[in-house]
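*Asks:* The amino acid sequence is not available; the structure is as follows:
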């Protein structure tokens with residue numbers, strides 16, 4: 001079995017090298033010259049989520065700026081399925097020429113340990129380009145739950161182990177694993193009920209069928225009084241809901257979670273292309289128009305940084321969630 005795995009890894013490495021050599025041979029130019037002429041045709045960004053999802057929304061904010069800056073169309077290709085793995089696999093196999101890119105999210109980072117038979121490695125088979133945006137989760141509870149703060153909820157969970165019902169968008173989802181991380185750090189237990197999406201979970205929370213959930217789209221219901229907000233999972237308080245304390249400041253230093261989106265390219269994509277793409281995305285993220293639109297979408301904030309910083313961020317997320325998946329025993333639906 002070990003020899004088969006070793007041969008598989010070696011095959012992927014050789015295949016990637018062959019793709020790069022074929023690309024350079026086909027264009028008949030040194031890599032840096034090719035990068036200077038990039039792009040000479042439209043660029044496809046594979047969004048491995050349905051149209052209208054958070055990753056799709058964020059990508060569509062940035063594509064017009066990319067098209068304008070490069071003088072070519074950046075076209076979105078929604079290729080959803082298997083928590084983003086189908087689209088990611090397609091891009092991992094694409095030519096490393098900058099004409100096929102991938103929108104990456106926290107679900108793909110989680111999937112690296114949640115799915116056992118993936119044909120790609122998020123850290124090895126892609127070049128990090130840039131980060132788009134991040135959105136924290138909000139911990140919301142039904143008003144009937146007698147807790148006014150996170151400390152109250154933790155105390156209640158310890159007094160009633162396994163009685164509070166936590167709903168999530170699905171087993172292995174970001175919200176689910178955020179609750180598992182809280183359980184680990186607070187040494188408490190909830191009864192987990194996975195739903196097929198965020199909306200059904202929120203619907204049952206509002207009706208009182210479940211006690212609590214972590215989601216990025218709860219603020220409207222909290223402000224309307226349908227739910228009670230206890231905390232937010234970002235490292236610092238949100239400008240949209242500054243009254244919500246962070247979990248980190250509520251007794252769990254270093255606690256941070258949320259969904260995030262970025263841009264990757266197939267491994268072997270010329271560095272000059274990656275750097276140019278990063279510069280456009282980073283500059284666009286500083287525009288007031290984009291920042292306001294992101295903030296209006298579940299209190300999302302734009303991110304910035306170099307390709308190396310984006311790569312470090314993705315690797316850290318893979319490591320963080322691998323630990324939570326292992327301890328919780330979470331499985332994909």
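*Replies:* Good, I have the coordinates. All values reported here derive from a predicted model rather than from experimental measurement.

*Asks:* partners of the longest strand along the chain in the sheet?
*Replies:* Using DSSP state E, we find that the single longest strand of the chain is strand 126-135. Sheet pairing of strand 126-135 (DSSP bridges) gives strand 259-266 (antiparallel), strand 301-302 (antiparallel).

*Asks:* Give me the next element, helix or strand, following the longest one.
*Replies:* Right, the one you point to is strand 259-266. Note on strand 259-266: by DSSP states H and E, the next helix or strand toward the C-terminus is helix 271-285.

*Asks:* Give me the residues contacting that following helix.
*Replies:* 31-32, 35-36, 38, 61-62, 65-66, 69-70, 98, 101, 127-130, 132-133, 263, 265, 290-291, 302-307, 310 (CB atoms under 8 Å, 6 or more residues apart in numbering). (C-beta placed from N, C-alpha, C; glycine too.)

*Asks:* those helices in the stretch 101-250 of the chain, which residues are they?
*Replies:* 106-114, 150-159, 174-186, 198-207, 219-223 (DSSP state H, counting those that start in this stretch).

*Asks:* Distance to residue 235 added to the ones you listed, as a markdown table?
*Replies:* Formatted as a markdown table, the helices of the stretch 101-250 of the chain follow (distance: least, CB to CB, whole Å):
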| stretch | distance to residue 235 |
| --- | --- |
| helix 106-114 | 15 |
| helix 150-159 | 16 |
| helix 174-186 | 14 |
| helix 198-207 | 22 |
| helix 219-223 | 18 |
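
*Asks:* who wins for proximity to residue 317 among the ones you listed?
*Replies:* helix 106-114 (4.1 Å; CB to CB).

*Asks:* quick one: average confidence on that closest one?
*Replies:* For helix 106-114, mean pLDDT rounds to 94.

*Asks:* Which other helices and strands does it contact?
*Replies:* Contacts defined by 3 or more CB pairs under 8 Å, 6 or more residues apart in numbering; DSSP states H and E place helix 106-114 against helix 85-92, helix 174-186, strand 259-266, helix 307-328.

*Asks:* Can you give me the domain assignment for the protein?
*Replies:* 2-136+259-328, 138-250 (automatic domain parsing).

*Asks:* Comparing those by mean pLDDT, which bottoms out?
*Replies:* domain 2-136+259-328 - the lowest mean pLDDT of those, at a mean of 87.

*Asks:* How far does it sit from its chain's centre?
*Replies:* Mean-position distance between domain 2-136+259-328 and its chain equals 11 Å (CA atoms, centre = their mean, to the nearest Å).

*Asks:* Now stretch 279-293: buried residues?
*Replies:* Within stretch 279-293, the residues scored as buried using 16 or more other CB atoms under 10 Å are 280, 281, 282, 284, 285, 290, 291, 293.

*Asks:* I misspoke; the intended subject was stretch 86-97.
*Replies:* Result for stretch 86-97 [16+ other CB under 10 Å]: buried residues 87, 88, 89, 90, 91, 92, 93, 94, 96, 97.
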